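Asker: predicted structure and sequence below. I'll ask about it afterward.
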Amino acid sequence: MNINRRRLLATAAALGAGAAMRGPAFAADPAGPPKASVRLVSETLHGTTITDPYRWMETQAADPEWTPYLMGQNAYARAMLARIPGRDALTHKIGGYSGGVVAVSAVQAAGPYVFTQARPAGANTFKLYVREGMHGADRLLIDPDLLATAGTHVSLDYFQVSPDGRYVAYGTSPAGSENSTLRIMETASGAVLPDVIDRAQNASPSWLPDSSGMFLNRLKAGTKHGDPDHYMDSVAWFHALKTDLATDRKVLNRGLDPAVVMQPIDFPVVAAQAGSDVALGLCISGVQNEFTLYSSPLDVAAAGRPAWRQICSPADAVTGVAILGDDLYLMTHKDAPSFRVVKTSARDGAFAGAQQVVAPSQAVLKTIAAARDGIYVQAIDGGLGRLSRLAPGGRTTAIALPFEGSIASIYTDPLKDGCWFILDSWVRSPVVCFADASGAVTVTDIAPKPPFDTSIYESREVLVAARDGVKIPLSIVYKKGLARDGTAPLYLQAYGAYGLDIDPGFQPRMLPWLDLGGVFAVAHVRGGGELGEGWHQAGQKLNKPNTWRDCIDCAEYLIAEKWTSRARLAVEGTSAGGIMIGRFLTERPDLLAVAVIRVGDSNATRAQFMESGPANIPEFGSIEDPEGFKGLLEMDAYQHVKDGTRYPAVLLTTGVTDPRVAPWEAGKMAARLQAATTSGKPVILRVETDAGHGLGSTRTQRDLESADTYAFILWQMGVAGYGVG
């Protein structure tokens, strides 16, 4: 039972959707982008009048103009990108690098087995493999390609093995939609059980200790994509193996138990663990990291009669939990911005009076996980991953890692000693490791070294003084021997939301950019979690301007230090990072050559009206609240676009099945920028019709998007070999 709110956030809470369109990727070469109809809507909120010329796009498929507009934008973008001379060669190089890497996204172990979610070298999608023991031969267990239909791929969204390893529950979805159906497979035979569970987008399955059934979350019956209440009032159920879904029992949901107070946006998760007779119930309020935690005797919870008793509330700032024996371990940032760990009783304990067992330090704690030999603690210190073990007796031992890098994820089997983890860095490809009870680390053969040399690249970490004096961590990656004369194309990324990090991670698609003499940089701006919860809160709600201004200040540093120049600077923001790049673009359009807004939030004052909107209120605020509206309006790039401004070149992307950021955000932003700019620089919207937010995209889709992005940037920067006649 290793529950971490940040891990759930990546898969369960930052949600949204778009219209489910189908059709060709692009049509004939158009002369220019389509001009969207202007239908002005004005409203006054808290004394401020907002005018919106393209609100009609929010109805998407219900408006007859939407699909022709979006496909027309895509046709224009694809035709323009296809004319860039170096694009095809770049696509080939990117595919060579990405295809040469065995990518591993998750490892789990149970019984005699080790399970890995991996994309083999040259493959297009992630699959599930199983081996007996650490050194056994891998056997293909689940291949989502076998579920695909013509024109639509299928993705493996998640998996959870039973405590004895006999079964694996897994979710798959079509076209990157993340709209999962959960199935159960028998490990030994590969037979798929008759249990088929829909509405399992974020099921978070948790098995009973005897593997006879599981707790899981399902969206409410009758829910519709596109509605703001799509993710509201979901239900945690108990499902007994090989039984009819009609016999499943509700265990945790709003209104079920008077002792459990829940809001419509609360996401209920129930978890069990081998070796424990306690069930834990979490009520996760949208994207908020801090949750309410309850416990119940396991037997009555599985019977549909839970006796919930509250352990902590969001005020206790708990974001991670693990059980070891009769002890309950809670990771919290209460009175500790870098987090600490406290211990109480799993049966009848509470946060109040819990004993501190891991004190706060400079390192920021990220995850705790329980194994038989203790609690494994993952942390980050100065951008570098750290791993330690807290023994049942209270002694903490640091575990030496094979190299300095970032820990992507950890996994423990509560019935066995040790910890599995994935380790990589900006310039080292990932390896799958196992730390045993002695602290010795074995680098397994699960992710072999790729067939290309990464020693020709290097990275450095610097601190940049922001305008208010705060030091912003900045990572810089480049090919050895780079001349710092201001001529290098530089690709700068930033995110800054939800307390999530951009840790040093190997990105094979970036290597062709470095080979061309480019620089890749990441600004670890406020709003992220690299420096703890205080760093998160310093870029949240009314503090959100720190996020994009930190990135602006890092960009100016890179220019001043001659890593690049304004004419050679591209800045990218993805998803919630769309707020960062959108406001960078509208506040300092003079500072960059290209802005890349990938599946980005651009219209913050309207975002709560898409599927993901209500869940995101804890992070960004609500327009119904005066202070919330003030913060959202300041974040809203769409509302800050000014007519007659010389905007740089802009590439926007979206996926029509996106369940996190609705495609109308990109559609509205593209139309507004195209109408406002006077620079003559292109503003294009690239659309994926068989993809969503990107989590379920195929390798080929990602390769092509990367090639289009780099080629567009190099063209706009005037790099030789990428000019369009």
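Answerer: Perfect, I can see it now.
Asker: where does pLDDT dip in this structure?
Answerer: Across the chain, residues meeting the criterion (pLDDT under 70) sit at 1-30, 725.
Asker: please enumerate the helices of it.
Answerer: For the chain, the helices defined by DSSP state H occupy 5-12, 66-82, 87-99, 298-302, 511-515, 533-537, 545-560, 577-587, 613-620, 626-635, 637-640, 663-676, 699-717.
Asker: which strands and helices sit next to the third one?
Answerer: Where contact means 3 or more C-beta pairs under 8 Å, 6 or more residues apart in numbering; DSSP states H and E, helix 87-99 is packed against helix 511-515, helix 699-717. Quick note: C-beta positions are derived from backbone N, CA and C, even for glycine.
Asker: swap in the longest one?
Answerer: In this structure, helix 699-717 packs against helix 66-82, helix 87-99, strand 569-574, strand 594-598, strand 649-655, strand 683-688, with contacts taken as 3+ C-beta pairs under 8 Å, 6+ apart.
Asker: with just CA atoms, put the third one into PDB.
Answerer: What follows is strand 569-574, C-alpha atoms only, in PDB (Å, rounded to 0.1, in the frame of the first residue of the first chain):
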ATOM      1  CA  LEU A 569      15.400  31.500 -28.500                       C
ATOM      2  CA  ALA A 570      12.400  29.100 -28.500                       C
ATOM      3  CA  VAL A 571      10.300  28.600 -25.300                       C
ATOM      4  CA  GLU A 572       7.800  25.700 -24.800                       C
ATOM      5  CA  GLY A 573       5.100  25.100 -22.200                       C
ATOM      6  CA  THR A 574       3.000  21.900 -22.100                       C
END
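Asker: contact partners for Lys35?
Answerer: Going by C-beta atoms under 8 Å, 6 or more residues apart in numbering, Lys35 touches 671, 674-675.
Asker: still on that earlier bit, quick one: closest of the helices and strands packed on helix 699-717 to Asp413.
Answerer: With C-beta to C-beta, the closest approach to Asp413 among these belongs to helix 87-99: 31.3 Å.
Asker: ok and that closest one relative to helix 699-717, angle-wise?
Answerer: 140 degrees (axes from the mean of the first three to the mean of the last three C-alpha atoms, to 10 degrees).
Asker: pick the most buried one from the helices of the chain.
Answerer: helix 577-587 (a mean of 27; mean count of other C-beta atoms under 10 Å).
Asker: in CSV, could you pull the C-alpha coordinates for that helix?
Answerer: What follows is helix 577-587, C-alpha atoms only, in CSV (Å, rounded to 0.1, in the frame of the first residue of the first chain):
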residue,chain,number,x,y,z
GLY,A,577,2.8,24.9,-18.7
GLY,A,578,0.6,26.6,-21.3
ILE,A,579,-0.1,29.3,-18.7
MET,A,580,3.6,29.9,-18.4
ILE,A,581,4.4,30.2,-22.1
GLY,A,582,1.1,32.0,-22.9
ARG,A,583,1.8,34.7,-20.5
PHE,A,584,5.6,34.8,-21.4
LEU,A,585,4.4,35.3,-25.0
THR,A,586,1.9,38.1,-24.2
GLU,A,587,4.1,39.8,-21.6
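Asker: which secondary structure elements does it sit against?
Answerer: Partner elements for helix 577-587 (3+ C-beta pairs under 8 Å, 6+ apart): strand 490-494, helix 545-560, strand 569-574, strand 594-598, helix 626-635, helix 637-640.
Asker: closest one to Lys449 among the helices of the chain?
Answerer: helix 87-99 (13.5 Å).
Asker: so what touches that closest one?
Answerer: 81, 121-122, 450, 452, 508-509, 511-512, 515, 699-700, 702-704, 706-708, 710-711, 722.
Asker: try 7 Å
Answerer: Under the criterion C-beta atoms under 7 Å, 6 or more residues apart in numbering, residues 81, 121-122, 452, 508-509, 511-512, 699, 703-704, 706-708, 710-711 lie in contact with helix 87-99.
Asker: buried residues in stretch 360-373?
Answerer: 360, 363-373 (16 or more other C-beta atoms under 10 Å).
Asker: out of these, who's nearest Leu569?
Answerer: Relative to Leu569, the closest of the buried residues of stretch 360-373 is Val364; by C-beta to C-beta it sits at 29.4 Å.
Asker: residues in a beta bridge with the closest one, which ones?
Answerer: Residues in a beta bridge with Val364, per DSSP bridges, are Ile380.
Asker: ok, it - contacts?
Answerer: So Val364 contacts 338-339, 379-380, 529, 531-532 (C-beta under 7 Å, 6+ apart).
Asker: what's the PyMOL syntax to select whichever of those are buried?
Answerer: Selecting only the buried entries of the contacts of Val364 in PyMOL, with 16+ other C-beta under 10 Å as the criterion:
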select buried, resi 338+339+379+380+529+531+532
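Asker: so of the contacts of Val364, which ones are in strands?
Answerer: 379-380 (DSSP state E).
Asker: tally of neighbours for Val358?
Answerer: 22 (other C-beta atoms under 10 Å).
Asker: for the residue nearest to Ala576 when sequence neighbours are not counted, give me its contacts.
Answerer: By the measure of C-beta to C-beta, 6 or more residues apart in numbering, the closest residue to Ala576 outside its immediate chain neighbours is Ala497, 3.7 Å from it. Listed by C-beta under 7 Å, 6+ apart, the contact partners of Ala497 are 527, 576-577, 619.
Asker: same thing with His46?
Answerer: 626, 629.
Asker: one more: Gln639?
Answerer: The contact partners of Gln639, taken as C-beta under 7 Å, 6+ apart, are 50, 605, 633.
Asker: need phi/psi at Gly405.
Answerer: In terms of degrees, to the nearest 10, the main-chain angles of Gly405 are phi -170, psi -150.
Asker: what's the neighbour count on the closest residue to it other than its chain neighbours?
Answerer: Spatially, and ignoring its direct neighbours in sequence, Gly405 is nearest to Ser425 (3.5 Å; C-beta to C-beta, 6+ apart). When counting by other C-beta under 10 Å, one arrives at 21 neighbours for Ser425.
Asker: distance of Ser425 from Gly518?
Answerer: 19 Å (C-beta to C-beta, to the nearest Å).
Asker: which stretches in the stretch 51-200 of the chain count as strands?
Answerer: Taking DSSP state E, counting those that start in this stretch to define them, one finds strands in the stretch 51-200 of the chain at 103-110, 113-119, 127-132, 139-142, 154-161, 167-174, 181-186, 192-197.
Asker: and the shortest one, what does it pack onto?
Answerer: Put plainly, it is strand 139-142. Secondary-structure packing of strand 139-142 (3 or more C-beta pairs under 7 Å, 6 or more residues apart in numbering; DSSP states H and E): strand 127-132.
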